[in-house]
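Peer 1: this one's structure only:
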Ligand SMILES: O=C(O)CCC(=O)C(=O)O
């Protein structure tokens, strides 16, 4: 049987390539402002708003916002969290968000399964089998998470053509060093697909691949995501295939996050030192 260009999967080969590439080369080849500055366009931030100190953010004047030239509608934001702020989000992802029954392991109310938690959902819970959200399957989205994403989207929207969004559902992904996330699109959000999706990275680094609307549309681009980085998918990029082929052990993680540890920080460090946590938020209904 002949292969047409429609069948040509340009995504999987790059996924496999980064899966096997030596770690040091992943750090060099995945796009970052340091290694591939010409692929990012700096977007000046002009909006100044008061940011709630409990969100763990730096003053907005220190944030660095870029549009990604390789994926239409994709934004990359760095320098927005303080170290203490990141520790606080990691703490919530370890000690609060997984203590419920909407996790890959079901009930985790005593956090007895933390080491094996792969995901937890908050707000409207995603039904992974049927790939839908249900109106009735909802718990309150934690206020601080809603406030964090609203603040970031407000700032980005004021400087770009990204629309505002109402955060209604969150997925917290927990990655071990050998974990991957297969290529997928996020298209279950009913009529809210024109609204941005916002995604936060904490802990070890990752290679994030973003391709086209089909796996054959274009070769995916690899982005390096480090602790505290934020990406926002809007416009064309909102419905693009994306994946995590690789988690990378960040040699600077301890220095960046945990120089002076209290007892609770020690507990968090013992979890995160070989993990990555991603929190992503979406609007589900219009
Ligand atoms: O971990 C990430 O950065 C990506 C997560 C993701 O794509 C998802 O949960 O749909």
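Peer 2: Now that the structure is in, tell me what you want to look at. Quick caveat: nothing in here was measured; it's all calculated off a predicted structure. Residues are numbered from 1 along each chain as shown.

Peer 1: Residue 171 pairs with what?
Peer 2: Assessed by DSSP bridges, residue 171 has beta-bridge partners residue 121, residue 280.

Peer 1: so how many other residues sit close to it?
Peer 2: Burial of residue 171, expressed as a neighbour count using other C-beta atoms under 10 Å, amounts to 20. All C-beta spots, glycine's among them, are computed from the backbone N, C-alpha and C.

Peer 1: Any stretches of the stretch 101-250 of the chain with poor pLDDT?
Peer 2: Across the stretch 101-250 of the chain, not a single residue meets the criterion (pLDDT under 70).

Peer 1: which stretches of it form helices?
Peer 2: Read by DSSP state H, counting those that start in this stretch, the stretch 101-250 of the chain holds these helices, from start to end of the chain: 143-159.

Peer 1: Which residues of it lie near the ligand?
Peer 2: 171, 173, 181, 186, 199, 206, 208, 242, 244 (C-beta under 6 Å from any ligand atom).

Peer 1: Quick check: the residue of this structure nearest the ligand.
Peer 2: residue 278 (3.2 Å; C-beta to the nearest ligand atom).

Peer 1: mind listing what the nearest residue in space to residue 199 that is not next to it in sequence touches?
Peer 2: Sequence neighbours aside, residue 280 is the residue nearest to residue 199 in space, at 4.1 Å (criterion: C-beta to C-beta, 6 or more residues apart in numbering). Neighbouring residues of residue 280 by C-beta atoms under 8 Å, 6 or more residues apart in numbering: 170-171, 173, 197-200.

Peer 1: again with residue 246
Peer 2: Contacts for residue 246 were tallied using C-beta under 8 Å, 6+ apart; they are 18-19, 21, 26, 180, 206-207.

Peer 1: Tell me if the residue of the chain closest to the ligand really is in a strand.
Peer 2: Yes: the assignment for residue 278 by DSSP: H, G, I helix; E, B strand; the rest coil puts it in a strand.

Peer 1: hang on, it packs against residue 172?
Peer 2: Yes: counting by C-beta atoms under 8 Å, residue 172 is a contact partner of residue 278 at 7.3 Å.

Peer 1: Contacts only, for the residue nearest to residue 157 when sequence neighbours are not counted.
Peer 2: Nearest residue to residue 157, sequence neighbours excluded (C-beta to C-beta, 6+ apart): residue 164, at 5.3 Å. Under the criterion of C-beta under 8 Å, 6+ apart, the neighbours of residue 164 are 153-154, 157, 195.

Peer 1: which two in those are spaced the farthest apart?
Peer 2: Comparing all pairs in the contacts of residue 164 by C-beta to C-beta, the longest separation belongs to 154 and 195, at 13.4 Å.

Peer 1: List the beta-bridge partners for residue 40.
Peer 2: In this structure, residue 40 bridges to residue 68 when assessed by DSSP bridges.

Peer 1: Report the contact partners of the residue nearest the centre of the chain.
Peer 2: In the chain, the residue lying closest to the centroid (C-alpha atoms, centre = their mean) is residue 199, at 3.1 Å. Contacts here follow C-beta under 8 Å, 6+ apart; on that basis residue 199 touches 230-233, 278-281.

Peer 1: again, but for residue 124
Peer 2: When contacts are counted by C-beta under 8 Å, 6+ apart, residue 124 is found next to 133-134, 137-138, 168-169, 284.

Peer 1: if you look at those residues, which of them are in strands?
Peer 2: With strands defined by DSSP state E, the entries of the contacts of residue 124 inside them are 133-134, 137-138, 169.

Peer 1: biggest separation within those residues, which pair?
Peer 2: The span of the ones in strands among the contacts of residue 124, defined through C-beta to C-beta, is set by 134 and 169 at 11.2 Å.

Peer 1: Check the contact lists of the two and give me the overlap.
Peer 2: For the pair residue 134 and residue 169, residues contacting each of them under the criterion C-beta under 8 Å, 6+ apart are 124-125.

Peer 1: which residues of this structure fall in strands?
Peer 2: Ranges of strands within the chain are 40-42, 64-68, 74-78, 119-127, 132-138, 169-176, 181-184, 197-203, 205-210, 221-225, 230-233, 242-248, 275-282, based on DSSP E.
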